[in-house]
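Asker: my questions are about this predicted structure, shown below with the sequence.
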Amino acid sequence: MPKRYMSKQEYEEQQFRYRHSLKDPSLLSEIVDGAKFIDELEDENKKQAKQDLLDQLFALIYHKIETELTPRQKEAVRLYLLSKKQEHIATILGISQEAVNSRIKLGKKKLKELCNTDEDIQAIWTNISQ
């Protein structure tokens with residue numbers, strides 16, 4: 001309702017509600033008590049379970065990086081996983097960008113082969129995909 005049709009008290013009440021974002025209790029009860037809340041809770045549980053699986057997967061892959069890759073590949077792949085550009089990695093390691101590219105390429109190829117043969121990683125990947 002426009003201000004010109006309200007009394008001063010009605011206008012102040014309206015502005016108070018706007019400033020303090022007061023909600024109607026019946027609207028809040030529909031949100032809290034409804035099935036939508038339960039669905040959202042289940043979705044959150046699924047998201048958390050998926051995140052836990054991703055954390056396990058990353059831990060296994062990082063373990064593979066630490067134990068299976070050569071020291072040169074390990075340095076390059078670690079920086080690559082931190083989203084560094086190849087030129088930046090080259091500067092950090094003191095090598096050419098082409099050398100960084102080949103180290104990353106060989107490290108990723110080796111990791112892919114190792115992950116494809118690892119049963120634990122495959123089981124986690126299957127659970128995440130579902």
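Answerer: It's in.
Asker: I'd like the next helix or strand past the longest helix along the chain.
Answerer: Counting by DSSP state H, the longest helix found in the chain is helix 35-68. If you walk from helix 35-68 toward the C-terminus, the next helix or strand you reach (DSSP states H and E) is helix 71-81.
Asker: and that following helix, what's buried?
Answerer: 72, 73, 74, 75, 76, 77, 78, 79, 80 (16 or more other C-beta atoms under 10 Å). Every residue, glycine included, has its C-beta placed from N, CA and C.
Asker: about what we covered before: how far does the longest helix of the chain sit from the chain's center?
Answerer: 9 Å (C-alpha atoms, centre = their mean, to the nearest Å).
Asker: show me what it is packed up against.
Answerer: Contact partners of helix 35-68 among helices and strands, from 3 or more C-beta pairs under 8 Å, 6 or more residues apart in numbering; DSSP states H and E: helix 71-81, helix 97-117, helix 119-129.
Asker: to residue 5, which of these lies closest?
Answerer: helix 119-129 (58.4 Å; C-beta to C-beta).
Asker: roughly how far apart are the residue most central in space within the chain and residue 125?
Answerer: The residue lying closest to the centre of the chain (C-alpha atoms, centre = their mean) is residue 51, at 7.8 Å. Separation of residue 51 from residue 125 (C-beta to C-beta, to the nearest Å): 15 Å.
Asker: residue 84 too?
Answerer: 26 Å.
Asker: so which of the helices and strands packed on helix 35-68 is the most packed in?
Answerer: Mean neighbour count (mean count of other C-beta atoms under 10 Å) peaks for helix 71-81 among the helices and strands packed on helix 35-68, with a mean of 18.
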